[in-house]
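Undergrad: Predicted structure and sequence below. I'll ask about it afterward.
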Amino acid sequence: MLKAFLYDAPVDAMLISNASQESQQNPEKADQEARQTQCSTRESRNAKILRRASAREDRIARVATSAMIARQSFLDRVVHFQECLEELSEPIAMTDEDIVELIHKWIHRSDDELQELQEERRKGRPPSKREENLKQRTVTEEKEYRSGFWMPDVTQQEVRQQLKIWNGEWSSLSALKFIRFLEGGTKQPSTFPPKGLS
């Protein structure tokens, strides 16, 4: 093995000296090789910049999507109260019992679908993903109701009028007043957006 190394060493030295002689004899070729090295370096830098920009755009899109999903449940909730107010005849006088009824109607809006899913499921089979999601949503909203259910303050005439002409946009909800309605009937003023959703 040592012999092979000794025999290969002069060959390697000879190859290196030949390469340096070629570059000295042909300076244009040496310049071209140097330019190619610089181009590949620039291209790799550009590629890195493009990869970073693409990753940033993906991250921003993911954050925007998750924010839209979080906002959608609150938008649906406000639409529910808007539709309930449209069903009522003027003049409207909202009592705490009326608000509790509207909240219960919202929380248990999917009880019929949940019942159907449970009846369709064969005995001994695990619940479907949809069934689990509906149960989880109901539990989460009941928990929120105990600690303070975020909703438009439909006890005020001004808010009811604004809610009737609301266009369904998230940004236009800032004109409404909101409260947190606790299970015992206590009302606390709240802000828009809820829990810092902006």
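TA: Sure thing, it's come through.
Undergrad: residue contacts, R130?
TA: Residues in contact with R130 (Cβ atoms under 8 Å, 6 or more residues apart in numbering) are L117. Where you see a C-beta, it was placed from the backbone N, CA and C, and this is true even at glycine.
Undergrad: how close does it sit to S174?
TA: R130 sits 34 Å away from S174, going by Cβ to Cβ, to the nearest Å.
Undergrad: cool, P193 as well?
TA: Computed as Cβ to Cβ, the P193 to S174 distance reads 8 Å.
Undergrad: for G148, same thing?
TA: Distance, G148 to S174, using Cβ to Cβ: 20 Å.
Undergrad: rewinding a little: so if I had to pick from P193 and S174, which one is more boxed in?
TA: P193 (18 against 11; other Cβ atoms under 10 Å).
Undergrad: which residues sit in contact with that one?
TA: Per Cβ under 8 Å, 6+ apart, neighbours of P193: R71, F74, L173.
Undergrad: Identify, from those residues, the entry nearest to K135.
TA: K135 has its nearest neighbour among the contacts of P193 in F74, at 20.5 Å by Cβ to Cβ.
Undergrad: For the closest one, which non-adjacent residue is spatially closest?
TA: P194 (6.3 Å; Cβ to Cβ, 6 or more residues apart in numbering).
Undergrad: Can you show me the strands along this structure?
TA: Listed in chain order, the strands of the chain (DSSP state E) span 149-152, 178-181, 187-190.
Undergrad: Of the ones you listed, which is nearest I103?
TA: Among these, the nearest to I103 by Cβ to Cβ is strand 149-152 (5.5 Å).
Undergrad: avg pLDDT for the closest one?
TA: Mean per-residue pLDDT for strand 149-152: 93.
Undergrad: now what about it, what contacts it?
TA: With contact meaning Cβ under 8 Å, 6+ apart, strand 149-152 is reached by 74, 77-78, 81, 99, 103, 141, 144, 159, 163, 176-182, 190, 194.
Undergrad: rerun that using 10 Å as the cut-off
TA: Under the criterion Cβ atoms under 10 Å, 6 or more residues apart in numbering, residues 74, 77-78, 80-82, 85, 99-100, 102-103, 106-107, 141-145, 159-160, 162-163, 166, 173, 176-183, 187, 190-195 lie in contact with strand 149-152.
Undergrad: what separates that strand from the chain centre, distance-wise?
TA: Relative to its chain's centre, strand 149-152 lies at 22 Å (Cα atoms, centre = their mean, to the nearest Å).
Undergrad: Give me the distance between N133 and D76.
TA: Applying Cβ to Cβ to N133 and D76 gives a distance of 14 Å.
Undergrad: er, M68 actually
TA: To D76, M68 is 12 Å away according to Cβ to Cβ.
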